[in-house]
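Asker: predicted model and sequence below, questions to follow.
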Amino acid sequence: MWFGKISDDGVERSKNLKKSFLESYNSDPLPFSVFEYGKEIFGDDYYRILRRVAIEVAQESVEREIRREDRYVISLVRALDEITDTSNLLDERLRELREIKGSRIVEEFERKIAELKGLRSEIEREIESVMRKIAPNLSEIVGEKIGARLLEKAGSLEKLASYPSSTIQVIGAEKSLFKALSRIRKGKKAKVPKHGVIFQHPYIKSLPKKKRGKMARFMANKIAIAVKIDYFRGELDEMLGEEVRRKYEQLSRK
């Protein structure tokens, strides 16, 4: 049983209810009421405890799935970077070869580069698909590509969900931030970065420089809320994306 074992000697309560819940199995219909035996152990709290254990088991299952999927996205992002670097390098070599001599090797070289770029497109589509599943709110606000990049920089959805908005705002600009802080500590002037990865979002990039910092702070704040919802609930809140859009429109008009 989910709560322990039943034998001729009576009911033996499990020391680990979640483990026994997962391991409980009966191939044939039981000739007795599970509730009656469970009530011997838990009394009137039977259904309350059963519900609590079932919820805990479900939550742990979801968290394991998220951890598996976010590691998958992180690996895909890193593979995408490596493929992009490789294809750019091969494009340079192909141009050199064409300038020197046209040959069957050059044609084959070009076909292989095209295949590599095709693989890059497939990886991008896979990243978008998984991100929409594990981080719908983050994807709604910044898009799957930027969201995946934030996830890769943080290391996991759990870590990203624990970050304050001020940290999220400068993810990807850590080197510039540390360099600026080092100069400031030495009494020198330095420009502290106002945004990192999220600068690639058109809502920030398309604004005048003097307004980008304000938009970045607002967006980072909404991202911080979004990833917490994604990690703990996984439900899409369309209002977050709408609020970011309205803020952008407001700053664009001024």
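Answerer: On my side now, so go ahead.
Asker: would you state the helices of the stretch 101-250 of the chain in chain order?
Answerer: 104-134, 136-142, 144-154, 157-162, 165-169, 174-185, 202-205, 209-232, 238-253 (DSSP state H, counting those that start in this stretch).
Asker: and those, which is most packed in?
Answerer: helix 136-142 (a mean of 25; mean count of other Cβ atoms under 10 Å). Heads up, the C-betas are built off the backbone N, CA and C, glycines and all.
Asker: so which residues make contact with it?
Answerer: Residues outside helix 136-142 that contact it (Cβ atoms under 8 Å, 6 or more residues apart in numbering): 128, 131-132, 147, 150-151, 198, 201, 219, 222-223, 225-227, 229-230, 234-238, 240-241, 244.
Asker: mind checking how far it is from the chain centre?
Answerer: Chain-centre distance of helix 136-142: 10 Å, with Cα atoms, centre = their mean, to the nearest Å.
Asker: one more: stretch 146-158?
Answerer: Here stretch 146-158 is found 5 Å from its chain centre; the criterion is Cα atoms, centre = their mean.
Asker: tell me the mean pLDDT for it?
Answerer: Across stretch 146-158, pLDDT averages out at 93.
Asker: who touches it?
Answerer: By Cβ under 8 Å, 6+ apart, stretch 146-158 touches 66-67, 70-71, 73-74, 76-78, 127, 131, 134-135, 138-139, 141-142, 160, 163, 168, 171-172, 196-198, 200-201, 223, 227, 230-231.
Asker: re earlier: can you flag the weakest of the helices of the stretch 101-250 of the chain by average pLDDT?
Answerer: Among those, helix 174-185 carries the lowest mean pLDDT (a mean of 63).
Asker: which helix or which strand is home to the closest residue to R120 other than its chain neighbours?
Answerer: Excluding its sequence neighbours, the residue lying closest to R120 (Cβ to Cβ, 6 or more residues apart in numbering) is I83, at 4.9 Å. Element membership for I83, per DSSP states H and E: helix 46-100.
Asker: pLDDT averaged over that helix - what is it?
Answerer: In this model, helix 46-100 has an average pLDDT of 84.
Asker: quick one, it and helix 104-134 angle?
Answerer: Helix 46-100 runs at 160 degrees relative to helix 104-134, counting by axes from the mean of the first three to the mean of the last three Cα atoms, to 10 degrees.
Asker: what's helix 46-100 packed up against?
Answerer: With contacts taken as 3 or more Cβ pairs under 8 Å, 6 or more residues apart in numbering; DSSP states H and E, helix 46-100 sits against helix 17-23, helix 34-42, helix 104-134, helix 144-154, helix 157-162.
Asker: out of those, flag the one nearest E56.
Answerer: E56 lies closest, by Cβ to Cβ, to one member of those: helix 17-23, at 5.9 Å.
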